[in-house]
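S.K.: below are the sequence and a predicted model for it; my questions follow.
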Amino acid sequence: MKDKPTILVIDDEFNICASCEKILTRNGCRVFTALSGKEAIKTLESEDVDILVTDLKMAEMQGMEVLDYTRKHFPDVVAVVITGYASIASVVETMKLGAFDYLPKPFTPDEFMNMIDKAWTKRKELIERKEIFKGETSFNYEGIIGKSEKMKEVFRLIEKVAKTSSTVLIIGESGTGKELVARAIHHRSERKDKPFFAIDCGTLSPELLKSELFGHVKGSFTGAVSNKKGIFEVSDGGTVFLDEICNVDYEVQGMLLRFIQEREFIPVGSTEVKKVDVRLIFATNRDLYEMTKGGKFREDLYYRLVVYPIIIPPLRERTDDIPLISGHIIKKLSGKSDRKICTITEAAIEVLKTYEWRGNVRELENILEWAMINCEGDRIDVKDLPPRLFGISGVKAKPVPRTNEEFLLMKRKLKDEVVSELEKLFIKTALERNDFNITRAAKEVGMQRQNFSALVRKYKLRSKAKKE
């Protein structure tokens, strides 16, 4: 991916174009300028533009028309607006037409570059999302998808501990990918050509777990019709991953403690001591330290496990990874079915980002599989997502739109509601700061008195005025 963006600046004032070009060139950007909307469209069609900067009021084709054309024909271009005609209404309208940000004139070079930097961050997110659908992503670490700082820290810890034989404790909620982390440690270690065994301690009874781990001899218990080697013995030289160690009973905890200390064990019903070289990785979705205080987990075993803890963040704490993970999952699921879903829309991604994800990545995979079955086109949209995603945090869910037209209508209505609340608060606080003097309040916020007064009447704030 390139380091700096290609930017198209549109303004019918030559001086504005020249000033923007100077600022952007000084910051290493590739820049095109256009004095009209029609000229800009020619550039969009011939050049690989990342960011579009447009004025709203122009002599020929208006900025609104340019935004609408860009949204329809170049949806991956991030559009931002600069204008001297700043108003709440124009902000709402530009956002409806797909503008990412808004900067009123006049502005300083720092303010301008701050807006460009944010737009470039957004553009890179869109590029990364497209790359992962093509299988060209650099954010796939041993099958674990992530680019967030928290996941980069997990990858760093894996790299460091993989080179050793130290015991590792992986801590994370259900569905965060603890086994993937354990496998990554094994694959990055010198034991990668040796066996890797994973066992879920929460699914086996204590007797069966002892037999699975340590093996047994014939006749040691009912059903033991022959000698059986345990996982520790058959994985000699390799790695054993014990998931949900928090569910192991006290007796087995004691047997594990001895094995961790000596790397030796006695099969169930035998007297023969066996010694092996095994790398141990444990995982838990509960706080083991709290369990030791409650007498539910051995304290001496806890301190043997917590040599090198790796904490996997829940999905709700790394929502920037959701587009990448979604792309990876959709590509994988498409390969397993006749349905060839190519992508997922920006609007659907935004819905996924607001969900709480108690089931983490596993839940995300289930939801995307549901959406793929429900999807009638070649890309997942908001209308394809399950209804439960729209009832977040106890808020009553809004009806899910059935068509794209219904979705756009609802999206516009929600934006208008949000902006209306902000507009009312904006006017109210301006009045309060200026003792409800409309003339002073309008001057302070940079609005014409007539327009400010109209908003006061719109929200019925005038009756509260102390003085005119």
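M.R.: Great, that's in hand. Here the structure is a predicted model, which is why all the values come from computation and not from measurement.
S.K.: can you give me the offset of the helix or strand Gly335 falls within from its chain's centre?
M.R.: Under the criterion DSSP states H and E, the helix or strand holding Gly335 is helix 322-336. Offset of helix 322-336 from its chain centre (CA atoms, centre = their mean, to the nearest Å): 14 Å.
S.K.: try stretch 104-122
M.R.: Stretch 104-122 sits 24 Å away from the centroid of its parent chain (CA atoms, centre = their mean).
S.K.: buried residues in it, which are they?
M.R.: Of all the residues in stretch 104-122, those buried under the rule 16 or more other CB atoms under 10 Å are 104, 107, 112-113, 115-116, 119-120, 122. Using the backbone N, CA and C atoms, a C-beta is placed for each residue, glycine as well.
S.K.: and what of stretch 432-447?
M.R.: Within stretch 432-447, the residues scored as buried using 16+ other CB under 10 Å are 434, 436-438, 441-442, 447.
S.K.: ok, of the residues you listed, which one's closest to Thr239?
M.R.: In terms of CB to CB, no member of these lies closer to Thr239 than Met447, at 66.7 Å.
S.K.: that closest one: what secondary structure?
M.R.: coil (DSSP: H, G, I helix; E, B strand; the rest coil).
S.K.: Leu305: neighbour count?
M.R.: 24 (other CB atoms under 10 Å).
S.K.: run through the bridge partners of the spatially closest residue to it that is not a sequence neighbour.
M.R.: Closest residue to Leu305 apart from its sequence neighbours, by CB to CB, 6 or more residues apart in numbering: Leu169 at 4.7 Å. In this entry, Leu169 is beta-bridged to Phe282, Pro309, by DSSP bridges.
S.K.: thought Leu169 was touching Pro309?
M.R.: Yes - here Leu169 lies in contact with Pro309, judged by CB atoms under 8 Å, at a distance of 4.8 Å.
S.K.: neighbour count winner among these two?
M.R.: Leu169 (20 against 14).
S.K.: circling back: closest to Asp277 out of the buried residues of stretch 432-447?
M.R.: Once CB to CB is applied, the member of those that ends up nearest Asp277 is Met447, at 75.8 Å.
S.K.: returning to that earlier point: among the buried residues of stretch 104-122, which one has the lowest pLDDT?
M.R.: Lowest pLDDT within the buried residues of stretch 104-122 is found at Pro104 (82).
S.K.: how many neighbours does Met372 have?
M.R.: Neighbours of Met372 (other CB under 10 Å): 19.
S.K.: circling back: could you dump the buried residues of stretch 104-122 into CSV and include secondary structure and distance to Met372?
M.R.: Shown next, in CSV, are these (DSSP: H, G, I helix; E, B strand; the rest coil; distance: CB to CB, whole Å):
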residue, secondary structure, distance to Met372
Pro104, strand, 43
Phe107, coil, 44
Phe112, helix, 42
Met113, helix, 41
Met115, helix, 37
Ile116, helix, 36
Ala119, helix, 31
Trp120, helix, 32
Lys122, helix, 26
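S.K.: just give the closest residue to Pro195, not the sequence neighbours.
M.R.: Spatially, and ignoring its direct neighbours in sequence, Pro195 is nearest to Gly238 (3.8 Å; CB to CB, 6+ apart).
S.K.: now do the same for the one you found: its pLDDT.
M.R.: Per-residue confidence (pLDDT) for Gly238: 95.
S.K.: what separation do you get for it and Tyr250?
M.R.: Note on Gly238: its distance to Tyr250, by CB to CB, to the nearest Å, is 28 Å.
S.K.: so those two - more neighbours on which side?
M.R.: Each of Gly238 and Tyr250 has its neighbours counted (other CB under 10 Å); Gly238 has more, 20 against 12.
S.K.: so the more buried one makes contact with His186?
M.R.: Yes - taking CB under 8 Å as the definition, Gly238 is a contact partner of His186 at 7.5 Å.
S.K.: common neighbours of the two, please.
M.R.: Shared contacts of Gly238 and His186, defined by CB atoms under 8 Å, 6 or more residues apart in numbering, are found at 196, 279.
S.K.: can you list the domains in the protein?
M.R.: Here the domain parsing of the chain from automatic domain parsing is 6-133, 144-311, 316-400, 405-464.
S.K.: which one of those domains has the poorest average confidence?
M.R.: Per-stretch averages of pLDDT across the domains of the chain put domain 405-464 at the bottom, with a mean of 78.
S.K.: show me the contacts for Gln448.
M.R.: Ala442.
S.K.: got it, and the one 4 residues further on?
M.R.: Neighbouring residues of Phe452 by CB under 8 Å, 6+ apart: 427, 430, 438, 441-442, 445.
S.K.: any chance of CSV for the residues you listed, columns secondary structure and distance to Ile10?
M.R.: Formatted as CSV, the contacts of Phe452 follow (three-state DSSP; distance: CB to CB, whole Å):
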residue, secondary structure, distance to Ile10
Ile427, helix, 31
Ala430, helix, 32
Ile438, helix, 36
Ala441, helix, 34
Ala442, helix, 31
Val445, helix, 28
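S.K.: and of those, the nearest to Val78?
M.R.: Using CB to CB, the contacts of Phe452 come closest to Val78 at Val445, 28.1 Å.
S.K.: please report how far the closest residue to that closest one other than its chain neighbours lies from Lys105.
M.R.: Using CB to CB, 6+ apart and skipping the chain neighbours, the partner closest in space to Val445 is Ala430 (5.1 Å). Look at Ala430 and Lys105: by CB to CB, they are 21 Å apart.
S.K.: and if you look at Arg433?
M.R.: Distance of Arg433 to Lys105, given as CB to CB: 24 Å.
S.K.: with Arg298 instead?
M.R.: For Arg298 relative to Lys105 (CB to CB), the value is 68 Å.
S.K.: just Asn227 next, same as before
M.R.: For Asn227, the distance to Lys105 - CB to CB - is 84 Å.
S.K.: go ahead and confirm Lys274 touches Phe259.
M.R.: No - counting by CB under 8 Å, Lys274 stays clear of Phe259, with 10.2 Å between them.
S.K.: identify the contacts common to those two.
M.R.: Counting by CB under 8 Å, 6+ apart, the residues touching both Lys274 and Phe259 are 232, 265.
S.K.: between the two, point out the one with more neighbours.
M.R.: Under the neighbour definition other CB under 10 Å, Lys274 and Phe259 were set side by side, and Phe259 has more, 20 against 17.
S.K.: hmm, the more buried one is touching Glu233, no?
M.R.: No - using CB under 8 Å, Phe259 makes no contact with Glu233, being 11.3 Å away.
S.K.: hmm, Lys229 is touching Gly215, no?
M.R.: Yes - using CB under 8 Å, Lys229 is in contact with Gly215, at 4.8 Å.
S.K.: when these two are compared, which one has more neighbours?
M.R.: Set Lys229 next to Gly215 and count neighbours by other CB under 10 Å: Gly215 wins out with 23 against 14.
S.K.: show the contacting residues for that one.
M.R.: Contacts of Gly215 by CB under 8 Å, 6+ apart are 227-230, 232-233, 267-268.
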